[in-house]
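> Okay, sequence plus prediction incoming.
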Amino acid sequence: MKYATFYPLATVSRFCRGPATVLAVAASLVLLAGCAANDDSQDDAVSQESALSSASTKLAPLDEQDIALHPLKGELICAFSVGRSTLLYAAGNVGTQADAHGILKFADQVLRVQAPGGFDQMLHGTTFKGERLVAEVKLTEQAHKAGSDGASSYPSATLTYIRSDGAMRSVQGKWECGP
């Protein structure tokens, strides 16, 4: 053990008879150490680029800047909110089977999701899917017309989301759709 602590190459030379073998073993150890360090740095780079590198499992409120920086195509909008905080913002076209598109936010990461059926399907609640996230809006009460502009307000709805890392949460709030 004395050799392993103070003279690692001497220990290798005891088992490997010859200077060429000792150098080959030493070079292999150096290469392995370099590869292990390189693998760690690549894992960090991948995790930083991943859609869900945030440790937070709670949705963060979307602000005007988030919505402006992530424009959605669609004639009409639906939003899930809790109090004054919008947690899901989505847009879709009427009378089409094209996907509706939406955004959600974890910590400072805005994620894109989509749902089939356009605005017509969103109006009655739907399931949005993203790269590493599934979010379902389920209505718990009938819609009320908010006014002459055609907007609908659902007094009570549930947003349930499941992340690819297994984190699952449900939030009670309000689902509003309209122009």
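On my side now, so go ahead.
> need the contact list for the closest residue to residue 69 other than its chain neighbours.
Of all residues not flanking residue 69 in the chain, residue 110 sits nearest, at 7.4 Å (C-beta to C-beta, 6 or more residues apart in numbering). Where you see a C-beta, it was placed from the backbone N, CA and C, and this is true even at glycine. Listed by C-beta atoms under 8 Å, 6 or more residues apart in numbering, the contact set of residue 110 reads 62, 66, 69-70, 103-104.
> just residue 57 next, same as before
106, 163, 167, 169.
> Can you classify it by secondary structure?
With DSSP: H, G, I helix; E, B strand; the rest coil as the basis, residue 57 sits in coil.
> if I read this right, residue 77 contacts residue 175, doesn't it?
No - counting by C-beta atoms under 8 Å, residue 77 does not reach residue 175; the two are 11.4 Å apart.
> Between these two, which has more neighbouring residues?
Applying other C-beta atoms under 10 Å to residue 77 and residue 175 shows that residue 175 carries more neighbours, namely 28 against 20.
> Name the nearest residue to the more buried one, sequence neighbours excluded.
residue 157 (3.8 Å).
> helix/strand/coil for residue 98?
Relying on three-state DSSP, one would call residue 98 coil.
> separation between it and residue 117?
8 Å (C-beta to C-beta, to the nearest Å).
> intersection of neighbour lists for these two?
Joint contacts of residue 98 and residue 117 (C-beta under 8 Å, 6+ apart) are residue 92.
> what about the helices in this structure?
2-6, 8-15, 19-49, 64-69, 118-123 (DSSP state H).
> So for the residue nearest to residue 69, what pLDDT did the model give?
Looking at residue 110, its pLDDT is 93.
> is it in a bridge, and if so with what?
Taking DSSP bridges, one obtains residue 105 as the residues bridged to residue 110.
> and the gap between it and residue 136?
19 Å.
> Residue ranges in the chain under the pLDDT threshold?
By pLDDT under 70, the low-scoring segments of the chain are 1-56, 142-155.
> ok now do the residue nearest to residue 174 when sequence neighbours are not counted, which residues does it touch?
Leaving aside its sequence neighbours, residue 174 sits nearest to residue 81 (C-beta to C-beta, 6+ apart; 5.4 Å). By C-beta under 8 Å, 6+ apart, the contact list for residue 81 reads 87, 173-174, 176.
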